[in-house]
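Visitor: Model the following, please.
(chains A and B)
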There are 2 protein chains.
Amino acid sequence: MSNLKHKILALVKDELDEIEVELEQNLNPHLDLVSQTASHILFSGGKRLRPLLTILAARLCGYKGNYDKTLSIVFEYLHAATLLHDDLVDGATLRRGKPVAHSIWGAPATVLVGDFLLARSLSIAAETGIPEIIKVIAEITENMSQGEIQQLFRKGALDISEKEYMEVIQQKTAVLFQGACRVSAMIAGSSNRKESALSEYGFNLGIAFQMADDLLDYTSNTSVIGKEVGADLKEGKLTLPVIYSLKTASPKDRVLMENIIKDQDFSVQDFKILINMLEKYEGLAYTKNLASGYVNKAKDALSIFKPSTTREVLLMIADYAVARQA
Amino acid sequence: MSNLKHKILALVKDELDEIEVELEQNLNPHLDLVSQTASHILFSGGKRLRPLLTILAARLCGYKGNYDKTLSIVFEYLHAATLLHDDLVDGATLRRGKPVAHSIWGAPATVLVGDFLLARSLSIAAETGIPEIIKVIAEITENMSQGEIQQLFRKGALDISEKEYMEVIQQKTAVLFQGACRVSAMIAGSSNRKESALSEYGFNLGIAFQMADDLLDYTSNTSVIGKEVGADLKEGKLTLPVIYSLKTASPKDRVLMENIIKDQDFSVQDFKILINMLEKYEGLAYTKNLASGYVNKAKDALSIFKPSTTREVLLMIADYAVARQA
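Guide: Here you go, the predicted model:
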């Protein structure tokens, strides 16, 4: 475990324990099948990053109530619902080192339990009785599904632009991180300035986090990352390292790369050639660099808050988003 | 077209036209894939019964605003989202006489567009800014997904009781009808008494409607019903006509029926034998009779409203729910 991760975990141990309790209590499982399938995805070693952001952001805003904990799990449920459906849609095989849910419980249960988690999230949001918060969460859900649809629609396309890529990761990832931070300012009754700052932090963090995720697909290995390396490409999903390299490659190398990408059963050798291309044409470095820029933006946004341990942890989380190895 | 259907359609022509407009406008289709897939299910000759109930119930409560129309389509979107996912989960082939969405656009698009419609429904609900209404709609969504999961969980089971059957149809169908009626009383600011009456009407109508649907699977034919006759049984879904007949059959006939049910590739001849059993052991008559009882309960609930054309149409709709041939 990296030093940074170790430090963060030591600082948020209590919060992570509270999140586990809330996740179980709010699942409210009347049905074994829901419980089993939902637990498989919910309790499989996820980072709890989204609910943690909610709780830390609430503390940063001086919130003294208990509602942040309940609300925080909305973001983990939404995340889990998306993972269930996306793994199915993408035909993924591994998630966090375990077989994906649909390979165990079948596609039907995976579709319906995803629906249940989505519905449960919105029920918990509705229970706040605060229309603004419910609106934020409902809009996130809509955005996420649009991002996923856009991604599916352009699956296999070799002409995806950086702009399109940015739109998709904003919708499918950044708005959820943004919401997880923003709702805390809302329940704390913070100023618009603080709400905007936390929105800004969450949004930029989300972008950086997704870019780092997309990088890991080329730079990690299966045992560490817990899913198949090169899975994005096998699923016909072009991410920024590839998009950038395709744009900057020589015509000859571009054809070489395109042929590997189009052959969805590419060999390990082919994948190595592709990674060499991503290095040669700086797709990896470009993405890493851009991600760091978003981390800095995220951190800058917190400068309006006075120094505190909580602010420190949020800054460390931003660094961790791109430094992580899995 | 039956006389009753003809009379109802003549009375609600304008409302149905308004619903079509709202359905298109609120789909808000930024994406071709959403629009195509959602339109396939949304504009394929559905009855628009749920949004129609919202509009008529609002009128019955003396509501003068325009919000009932927007809110009404929440119930059609939720219905459409459920149909998309259920046809996928059930492996259905035909819906309203057309190939199901997933056979045209594939399972991935069907999952994601279902998610989008679900999310869009809750966004529209959230836009009301009325926490009670949002709560009702979020709870409906949760209930529906639980009903579907319960049904999936017990798929193929021969020991389903009438009680279990009732629980499933309450969750997957009746709560949506109930909500479609109830929200109108809420936006109209009606008395609790009126809200309860409309809840009661919608809930009982929903149960009767689902029972009639389950009957049609044995009494209609494919060209009229627009889906494969006997599809429920082929999908391992035992409904009340079968549940009741299994319970009342002689041991010998029970084995005969069970063997047909277990063989999911049963022949037309086998299916005819099964229908004879449903007649012999009165599963069809029992279900029809029970459905009529729920229709009467639904109609009785409206007795607190003074006579009007709107009330008349709602009463006719209740009769139509069980009289319909498709």
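
Visitor: Would you point out the helix or strand in chain A whose mean pLDDT is lowest?
Guide: Lowest mean confidence among the helices and strands of chain A (mean pLDDT, DSSP states H and E): helix A:222-225, at a mean of 57.

Visitor: following it, which helix or strand comes up?
Guide: helix A:231-234 (DSSP states H and E).

Visitor: So which other helices or strands are in contact with the following helix or strand past that next one?
Guide: Using DSSP H and E, the helix or strand that follows helix A:231-234 towards the C-terminus is helix A:240-248. Applying 3 or more C-beta pairs under 8 Å, 6 or more residues apart in numbering or on different chains; DSSP states H and E, one finds that helix A:240-248 contacts helix A:162-169, helix A:192-219, helix A:251-262, helix A:268-280, helix A:283-301. All C-beta atoms are positioned from the backbone trio N, CA, C, and that covers glycine.

Visitor: for those, which one sits closest to B:Leu16?
Guide: Distance to B:Leu16, taken as C-beta to C-beta, is lowest for helix A:162-169 among the helices and strands packed on helix A:240-248, at 36.8 Å.

Visitor: I'd guessed A:Met211 sits against A:Asn289; true?
Guide: No - here A:Met211 does not reach A:Asn289: they are 9.8 Å apart, not a contact under C-beta atoms under 8 Å.

Visitor: Between those two, which is the more surrounded one?
Guide: Set side by side, A:Met211 and A:Asn289 show more neighbours around A:Met211, with 28 against 11, by other C-beta atoms under 10 Å in any protein chain shown.

Visitor: For that one, which non-adjacent residue is closest in space?
Guide: A:Ala291 (4.0 Å; C-beta to C-beta, 6 or more residues apart in numbering or on different chains).

Visitor: show me what contacts the one you found?
Guide: For A:Ala291, the contacting residues are A:207-208, A:211-212, A:215, A:321-322, by C-beta atoms under 8 Å, 6 or more residues apart in numbering or on different chains.

Visitor: Tell me which of the helices and strands packed on helix A:240-248 sits most buried.
Guide: For the helices and strands packed on helix A:240-248, the largest average neighbour count (mean count of other C-beta atoms under 10 Å in any protein chain shown) is found in helix A:192-219, namely a mean of 22.

Visitor: Run through the neighbouring helices and strands of that one.
Guide: helix A:49-60, helix A:162-169, helix A:175-187, helix A:231-234, helix A:240-248, helix A:283-301, helix A:309-323.

Visitor: could those helices be laid out in a markdown table, adding mean pLDDT?
Guide: Formatted as a markdown table, these follow (pLDDT from 0 to 100):
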| stretch | mean pLDDT |
| --- | --- |
| helix A:49-60 | 96 |
| helix A:162-169 | 96 |
| helix A:175-187 | 97 |
| helix A:231-234 | 83 |
| helix A:240-248 | 97 |
| helix A:283-301 | 97 |
| helix A:309-323 | 95 |
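
Visitor: For B:His40, find the nearest of these.
Guide: The nearest among those, by C-beta to C-beta, is helix A:162-169 at 23.8 Å.

Visitor: Which parts of the stretch 1-150 of chain A are helices?
Guide: In the stretch 1-150 of chain A, the segments counted as helices under DSSP state H, counting those that start in this stretch are A:3-11, A:13-27, A:32-42, A:49-60, A:67-90, A:101-127, A:131-153.
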